[in-house]
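Student: structure of the sequence below:
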Amino acid sequence: MPILPRKSPPYWPLQPSSSSTAEQTAPDFLIRMDDDSFLRVLDDPNLQQVLDQKVDPIMVEASHEIEREGDVERAISLYLLHTVNQILARYLVRKRLIQDDSQFFCFTRSKEHSSVVDVLWKVKSVDVLALELKNWGAIRIDTDWDPAILPISSPEDALEAAIEQKIADGVQLGENATVLLKQLVKYHSAYDTPYVLACDWGNMMCLDMEPNGLPWNDDDVDENSFPEVLYTAGSAAGSDALTFHKMVIAAFLQAVKRLDGKIKSAMPGPFLPHVGV
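Tutor: Reported below is the predicted structural model:
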């Protein structure tokens, strides 16, 4: 991702955007995702063959600065979605999940289920992946999220002990993290996407909302149903770095695997075919 000038403050406090977000329940803890398992889908030979094809680039233009959330939305559309969507459409055709790219959709400001999400990917008529965008500085990994994240794949007794210790130490999600997590849980409930992403241009995080096949709910709190989280910084560099592009593609491919049967049996899409005039 290009490094763009930023005018916004280093910390951007979040407020619930609606009463439904404020009233939404969310887990107190998250589990660190096994990134090796999550990223294994990027080794798919079909994806590798797609990546060998030319992708139309977007040149960074000098007028662009990050000052407001709308600037993040514009930057994400130009420098992330433009490239990623070319790759995903070709992958789906190559996998024969769709006949052509007219059955692949990426909407912004989607409000299909009365909850407005910034970016929504669909295959045919199936909601696959959601992305929530925030102004730069809203996602503070080190202070707001990390303290409340539990270790990867802990045995049940070790996980319970880790939770008890964090509670005893008064550890909890930071205020921004709590507000954002409520939003992401709400979007998962509304759109039923297995994964939900969040990005503030500086950081991107991916939440697996159903790591064991069942969504987290406040009525039956089970440590094994806590969402799993993985995150990366936009400044990541090097061929092995987890970039925003890789995270979105991996989350989309993982979601498609889980939704395979649903996608194959789905109607062609939410729109009528284009008619030439």
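Student: can you tell me the SS state at the residue nearest in space to the middle of the chain?
Tutor: When C-alpha atoms, centre = their mean is applied to the chain, the residue found nearest the centroid is residue 197 (1.5 Å). Here residue 197 is strand, with the state taken from DSSP: H, G, I helix; E, B strand; the rest coil.
Student: and the angle for the lengthiest helix in the chain with strand 195-199?
Tutor: Using DSSP state H, we find that the single longest helix of the chain is helix 175-191. With axes from the mean of the first three to the mean of the last three C-alpha atoms, to 10 degrees as the basis, helix 175-191 and strand 195-199 are set at 140 degrees to each other.
Student: quick one: the strands in the protein?
Tutor: Along the chain, the segments classed as strands by DSSP state E run 30-32, 104-110, 117-123, 126-133, 149-150, 195-199, 203-208, 228-233.
Student: please state the offset of the fifth one from the chain centre?
Tutor: In terms of C-alpha atoms, centre = their mean, to the nearest Å, the centre of strand 149-150 is found 18 Å from the chain centre.
Student: can you list the strands that that strand pairs with?
Tutor: Strand 149-150 has the following strand partners under DSSP bridges: strand 30-32 (parallel).
Student: need the contact partners of the partner strand.
Tutor: Identification of contacts with strand 30-32 by C-beta atoms under 8 Å, 6 or more residues apart in numbering yields 145, 148-152, 159, 181, 207, 211, 226-230. The way it works is simple: take the backbone N, C-alpha and C, and place the C-beta from them, glycine included.
Student: next one: phi and psi at the closest residue to residue 144 other than its chain neighbours?
Tutor: Distance criterion C-beta to C-beta, 6 or more residues apart in numbering; nearest residue to residue 144, sequence neighbours excluded, is residue 174 at 2.9 Å. With angles defined as degrees, to the nearest 10, residue 174 sits at phi -70, psi 170.
Student: need the contact partners of the longest helix of the chain.
Tutor: So helix 175-191 is contacted by 12-17, 20-22, 24-27, 30, 112-115, 117, 120, 127, 130, 132, 134, 138-140, 144-145, 148, 172-173, 193, 196, 198, 207, 209, 215-216, 227 (C-beta under 8 Å, 6+ apart).
Student: out of those residues, which end up buried?
Tutor: Buried residues within the contacts of helix 175-191, counting neighbours by 16 or more other C-beta atoms under 10 Å: 12, 14, 16, 21, 24, 26-27, 30, 115, 117, 120, 127, 130, 132, 134, 138-140, 144-145, 148, 173, 193, 196, 198, 207, 209, 216, 227.
Student: and the residue lying closest to residue 116 once chain neighbours are set aside, how many neighbours?
Tutor: Nearest residue to residue 116 in three dimensions, chain neighbours excluded: residue 109, at 6.0 Å (C-beta to C-beta, 6+ apart). Neighbour count for residue 109, taken as other C-beta atoms under 10 Å: 10.
Student: what's the answer for residue 157, then?
Tutor: Residue 157 has 8 nearby residues by other C-beta under 10 Å.
Student: for residue 164, see how far away it is.
Tutor: 11 Å (C-beta to C-beta, to the nearest Å).
Student: one more: residue 103?
Tutor: 48 Å.
Student: look at the two and report which has more neighbours.
Tutor: residue 103 (21 against 10).
Student: check the more buried one and give its pLDDT.
Tutor: Confidence at residue 103, expressed as pLDDT, is 93.
Student: just checking, it touches residue 126?
Tutor: No: contact status for residue 103 versus residue 126: not in contact, 10.1 Å apart, counting by C-beta atoms under 8 Å.
Student: follow-up on the earlier one: most packed of the strands of the chain?
Tutor: Counting by mean count of other C-beta atoms under 10 Å, strand 195-199 has the highest mean neighbour count of those, with a mean of 27.
Student: list the strands paired with that one, with their directions.
Tutor: Here, using DSSP bridges, strand 195-199 pairs with strand 126-133 (parallel), strand 203-208 (antiparallel).
Student: wait, which of those strands is closest to residue 255?
Tutor: strand 126-133 (4.9 Å; C-beta to C-beta).
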